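**Student:** What follows is a predicted protein model with its sequence.
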Amino acid sequence: MIQSLFILSPTGEVLIERHFRSTVTSRTVCDHFWTKASEGLNHHGGVSTASTAILGSNPFMLYDSVEPVMEVPDIGNDGDDANGGGTIYLFSILRDGLSYLAACPPCIGNQNNPSGGLGISPLLITEFLHKIADTFVIYFGDPADESAVKDNFSTAYQLLEEMVDYGWPLTTEPNALTDLIRPPTVMAKIHQAMTGGSSNILSEALPNGTVSNMPWRKAGVTHPNNEIYIDIVEEIDAILSSSGGVISSDVSGSIQAQSNLSGVPDLILTFNDATLIDDSSFHPCVRYARFEKDKVISFVPPDGPFELMRYRLRLDNGEGHNKPVGSMPIQVIPRISYGKFGSSEKGNSGMAGRISLSVTARSISSLIYSSSRKGPLVIEDVAVVIPFPKFVRTANLNATVGRIIYDEAGKIAKWEIGKLDEKTRPQLNGTMVLEDGSEEKVSSSSSISEGEQPPLLVTWKILLSSVSGLNISGLSVTGEHYKPYKGVRNITKSGTFQVRC
């Protein structure tokens, strides 16, 4: 069970604090967490606004020192140990620059024995924290960052009241929540500012789904145009060498759906090769027993956008391990060097750094393209995040294509390229000014360790392509008399896609 929940800003400030049990968890647990998190956030112990905007939902380089579950002393608000020297488990995730923390006590009867563990699944707590962050995105827009939460404090607290009951997750379906708590609108905020009263965000009617066996779907849903869109999204997590070779890789996928169907339709989705799916998890609307038996997905969909399932690919190499993706559709070649490249008026006796990046698209790769794709290869939403080492004071960067966003405080740059094809060959060049006293550290290239030179993070997306070739062979609708429009497409995109320097 969750005893308390905290939401911290990118600088460690407590934005939201909610206690669900009679025991009040002290804010000292946040101090313990932030002390550990600051070691890996960046060189200044916090995340600046620019750093949050640059990294978005990919904080791997800033959050690598934080364990997802921490065991911290349980100190009461009066400074004494709340449980006689016991500990409390602290779960954490990072989304849109905000740290979501859930404090959970050990099992009853094991208060003085930390090894006694929790009385709840750790993955349930972690998944629930992500569900809270997803709900904030639905209500406040994307990204649900610090400013969005500050502008909607009352709505955030009301959502937590409905989503948690005495420490246990309760209502998490967006359709049920939007019936209970109205999403904030501009007119409601104007009315609140003019009248000086509170905006009427609570609904007096009980959602229909809360008293049915399908809490994810409203009753009496009608649409003028009945249609459903399904995206098969596969993400590649990979580590590449500076020469473009694949060191390690993994592929995970999800099926994202947008349902605009009237009534209560019953859908059956079939795959061309269901044996490719491994380690799958489903939305509560899916009848799991039917999938285990026939390898088809039978479900009554929620109304609106939702994630139908997640999965990993079964790509065995004979040893039970996933084989790497042999050839990537994009290649990033970094060249970074440090030394004396000329005289300097002050500091470091002329020590400086140079950086050069080249990005190219490769039509010959391990991807499988849909038959409906026409024309040359086009990679969309291409961007490269460049974290600089601690001894770099500032950088001057120029690119032939796209734009560069540089965060002076966080020492992070983002090169936004946009669309990339085989004919376009973007180049980035720049120089770096080093901190005083860094001459010994960069006197030889071998002295710069992997931790001192962080890897690059590359993001990209290719429509109508997949790694596995998994596709939907059929989607039938029963229970209603209409014939909806069905749209299906494959998308391959980068997950945690790192390039070593």
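**Tutor:** Yep, it's here.
**Student:** State the pLDDT value of G451.
**Tutor:** In this model, G451 is scored at 53, pLDDT.
**Student:** buried sites along stretch 405-424?
**Tutor:** Across stretch 405-424, burial judged by 16 or more other Cβ atoms under 10 Å covers Y406, D407, G410, K411, I412, A413, K414, W415, E416, I417, L420, T424. C-betas here are computed from N, CA, C, even on glycine.
**Student:** so where's the stretch 51-200 of the chain uncertain?
**Tutor:** The model of the stretch 51-200 of the chain has pLDDT under 70 over residues 51-65, 76-85, 108-118, 186-200.
**Student:** Tell me which stretches of it form helices.
**Tutor:** Remark: helices assigned in the stretch 51-200 of the chain by DSSP state H, counting those that start in this stretch are 122-140, 146-151, 153-163, 174-180, 186-195.
**Student:** Turn those into a markdown table, columns for distance to L101 and mean neighbour count.
**Tutor:** Output for these, formatted as a markdown table (distance: least, Cβ to Cβ, whole Å; neighbours: other Cβ atoms under 10 Å):
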| stretch | distance to L101 | mean neighbour count |
| --- | --- | --- |
| helix 122-140 | 8 | 18 |
| helix 146-151 | 14 | 16 |
| helix 153-163 | 13 | 17 |
| helix 174-180 | 21 | 20 |
| helix 186-195 | 28 | 11 |
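**Student:** Relative to G375, which of these is closest?
**Tutor:** The closest approach between G375 and any of those, judged by Cβ to Cβ, belongs to helix 122-140 at 33.3 Å.
**Student:** Remind me what the closest one packs against, helices and strands.
**Tutor:** The helices and strands touching helix 122-140, judged by 3 or more Cβ pairs under 8 Å, 6 or more residues apart in numbering; DSSP states H and E, are strand 87-95, strand 98-104, helix 146-151, helix 153-163, strand 168-169, helix 174-180.
**Student:** Give me the contacts around the second one.
**Tutor:** I take that to be strand 98-104. Residues outside strand 98-104 that contact it (Cβ atoms under 8 Å, 6 or more residues apart in numbering): 1-10, 15, 25, 29-30, 33, 37, 88-94, 118, 120, 125, 128-129, 132-133, 144-146, 149.
**Student:** what's the spacing between that strand and its chain's center?
**Tutor:** 16 Å (Cα atoms, centre = their mean, to the nearest Å).
**Student:** Listing partners with orientation, what would you give for that strand?
**Tutor:** Based on DSSP bridges, the pairing partners of strand 98-104 within the sheet are strand 4-8 (antiparallel), strand 87-95 (antiparallel).
**Student:** Could you say which one of the ones you listed comes nearest to W168?
**Tutor:** Here strand 4-8 is closest among those (Cβ to Cβ), at 12.4 Å.
**Student:** which residues touch that closest one?
**Tutor:** So strand 4-8 is contacted by 14-21, 24-25, 27, 29-30, 33-34, 98-103, 132, 149, 156, 160, 164 (Cβ under 8 Å, 6+ apart).
**Student:** Now a ChimeraX select for only the buried ones of those residues.
**Tutor:** In ChimeraX syntax, the buried subset of these is picked out as below (16+ other Cβ under 10 Å):
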select :16,17,20,25,29,30,33,34,98,99,100,101,102,103,132,149,156,160,164
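**Student:** follow-up on the earlier one: P329 is nearest to which of the helices of the stretch 51-200 of the chain?
**Tutor:** With Cβ to Cβ, the closest approach to P329 among the helices of the stretch 51-200 of the chain belongs to helix 122-140: 28.5 Å.
**Student:** mind checking which helix or strand the residue nearest to R312 when sequence neighbours are not counted is in?
**Tutor:** Closest residue in space to R312, ignoring its immediate chain neighbours: D279 at 4.4 Å, by Cβ to Cβ, 6 or more residues apart in numbering. Here D279, judged by DSSP states H and E, is contained in strand 277-282.
**Student:** same question, N396
**Tutor:** Using DSSP H and E, N396 falls within strand 392-399.
**Student:** next one: S363
**Tutor:** Using DSSP H and E, no helix or strand contains S363.
**Student:** in terms of contact, does it touch E422 like I think?
**Tutor:** Yes: here S363 reaches E422: they are 5.9 Å apart, a contact under Cβ atoms under 8 Å.
**Student:** Overlap of the contact sets of those two?
**Tutor:** P376, L377.
**Student:** mind putting the strands paired with strand 98-104 in JSON lines, mean neighbour count included?
**Tutor:** Listed next are those as JSON lines, based on neighbours: other Cβ atoms under 10 Å:
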{"stretch": "strand 4-8", "mean neighbour count": "23"}
{"stretch": "strand 87-95", "mean neighbour count": "22"}
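**Student:** Mind putting the ones you listed into CSV with distance to G479?
**Tutor:** Listed next are the strands paired with strand 98-104 as CSV, based on distance: least, Cβ to Cβ, whole Å:
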stretch, distance to G479
strand 4-8, 39
strand 87-95, 36
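**Student:** Nearest to L434 among those strands would be which one?
**Tutor:** Of all those, it is strand 87-95 that lies closest to L434, at 29.5 Å by Cβ to Cβ.
**Student:** got the contact list for that closest one?
**Tutor:** So strand 87-95 is contacted by 3, 25, 29, 32-33, 37, 57, 59, 62-63, 66, 68-74, 99-106, 114, 118, 122, 125-126, 129-130, 133, 144 (Cβ under 8 Å, 6+ apart).
**Student:** ok, now stretch 370-379?
**Tutor:** Defining contact as Cβ under 8 Å, 6+ apart, one finds that stretch 370-379 is touched by 329-330, 361-363, 419-423, 460-466, 471, 489-490.
**Student:** Filter those down to the buried ones and express that as a ChimeraX selection.
**Tutor:** Burial among the contacts of stretch 370-379 is assessed by 16+ other Cβ under 10 Å; the matching ChimeraX selection reads:
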select :329,330,361,420,460,462,463,464,465,466,471,489,490
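**Student:** Okay, and which of the buried residues of stretch 405-424 map to strands?
**Tutor:** Y406, D407, I412, A413, K414, W415, E416, I417, L420 (DSSP state E).
**Student:** of all these, which two lie farthest apart?
**Tutor:** D407 and L420 (23.5 Å).
**Student:** Tell me who's in contact with the nearest residue to G418 once chain neighbours are set aside.
**Tutor:** Spatial nearest neighbour of G418, chain neighbours left out: G402 (5.8 Å); criterion: Cβ to Cβ, 6+ apart. Going by Cβ under 8 Å, 6+ apart, G402 touches W415, E416, I417, G418, P426.
**Student:** can you put the residues you listed in TSV and add distance to L357 and pLDDT?
**Tutor:** TSV is the format used below for these (distance: Cβ to Cβ, whole Å; pLDDT from 0 to 100):
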residue	distance to L357	pLDDT
W415	7	95
E416	13	95
I417	10	96
G418	15	94
P426	8	95
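**Student:** Identify each buried residue in stretch 484-498, please.
**Tutor:** Buried residues in stretch 484-498 (16+ other Cβ under 10 Å): 484, 486, 488-498.
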